[in-house]
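Novice: Okay, predicted coordinates and the sequence, questions at the end:
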Amino acid sequence: DVKVTQSSRYLVKRTGEKVFLECVQDMDHENMFWYRQDPGLGLRLIYFSYDVKMKEKGDIPEGYSVSREKKERFSLILESASTNQTSMYLCASSFRSVSLSYEQYFGPGTRLTVT
Amino acid sequence: GEDVEQSLFLSVREGDSSVINCTYTDSSSTYLYWYKQEPGAGLQLLTYIFSNMDMKQDQRLTVLLNKKDKHLSLRIADTQTGDSAIYFCAENDYGQNFVFGPGTRLSVLP
């Protein structure tokens, strides 16, 4: 069964703190993604990675960085958390199926509150 | 850039059919997806359709695609309270990236 796990379901941090969000997938997928989800805005892509040590900026990378040292693990880092980074963060991984479609699987999400 | 639009809310009575609509702008979209998000959970892939198809049926779910109008719909037959969730439409153009709509919150009334 497909499994994407995220290190925390809920997190409360103070402004200026460095925050690490961890994501692990056990499906040997090449691609991993970090999104943030805000009401009425849907999912917005922060960063994605298509291979170990490779990363690409998404639509809203400012204030975030990522790390992918192992295939199964993709970390999102908030260097100095700000209140406008309060959001739900969703990690996903994907693979290309035999029909050539990409199938994306999501973790349960981390609700981050920055005070 | 690409854009995917959905209405934000839909209410239906239990047992009725629900139809959730989505429009997209990217004419090179190859695959179109429907995801379901239950409260407090991540997104779950429900179904997807290839752009050269116009309909796909999977049990209570029917996906209709009008490629000319760039319109996608998800019909849920015999809607149940367990179908209450946010439904996201997404498109993909053969690359790794997905573009998501804002999500439609479906409320099922008893």
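Specialist: Noted; the coordinates are in hand.
Novice: From here on, just use CA atoms for contacts and neighbour counts.
Specialist: OK.
Novice: contacting residues around the closest residue to residue B:33 other than its chain neighbours?
Specialist: In space, not counting the residues next to it along the chain, residue B:33 is nearest to residue B:48; the distance is 4.2 Å by CA to CA, 6 or more residues apart in numbering or on different chains. Shown in contact with residue B:48 (CA atoms under 8 Å, 6 or more residues apart in numbering or on different chains): B:31, B:32, B:33, B:34.
Novice: Return the closest of the residues you listed with respect to residue A:12.
Specialist: residue B:34 (31.3 Å; CA to CA).
Novice: how deep is the closest one tucked in, by neighbour count?
Specialist: Using other CA atoms under 10 Å in any protein chain shown, residue B:34 has 25 other residues around it.
Novice: And the residue nearest the centre of chain A?
Specialist: The centre of chain A sits closest to residue A:34, judged by CA atoms, centre = their mean, with a distance of 2.5 Å.
Novice: Who does that one form a beta bridge with?
Specialist: For residue A:34, the beta-bridge partners are residue A:47, residue A:91 (DSSP bridges).
Novice: That one against residue A:94, yeah?
Specialist: No. Counting by CA atoms under 8 Å, residue A:34 stays clear of residue A:94, with 11.8 Å between them.
Novice: Near chain A, which residues of chain B are found?
Specialist: Residues of chain B lying near chain A by CA under 8 Å from any CA of the partner chain: B:8, B:31, B:40-45, B:88, B:92, B:94-96, B:100-103.
Novice: Give me the buried entries from those residues.
Specialist: Buried residues within those, counting neighbours by 16 or more other CA atoms under 10 Å in any protein chain shown: B:8, B:31, B:42-45, B:88, B:92, B:96, B:100-103.
Novice: ok, which stretches of chain A are strands?
Specialist: Along chain A, counting by DSSP state E, strands occupy A:4-6, A:10-13, A:19-25, A:31-38, A:42-49, A:56-57, A:64-70, A:73-78, A:87-96, A:102-106, A:110-114.
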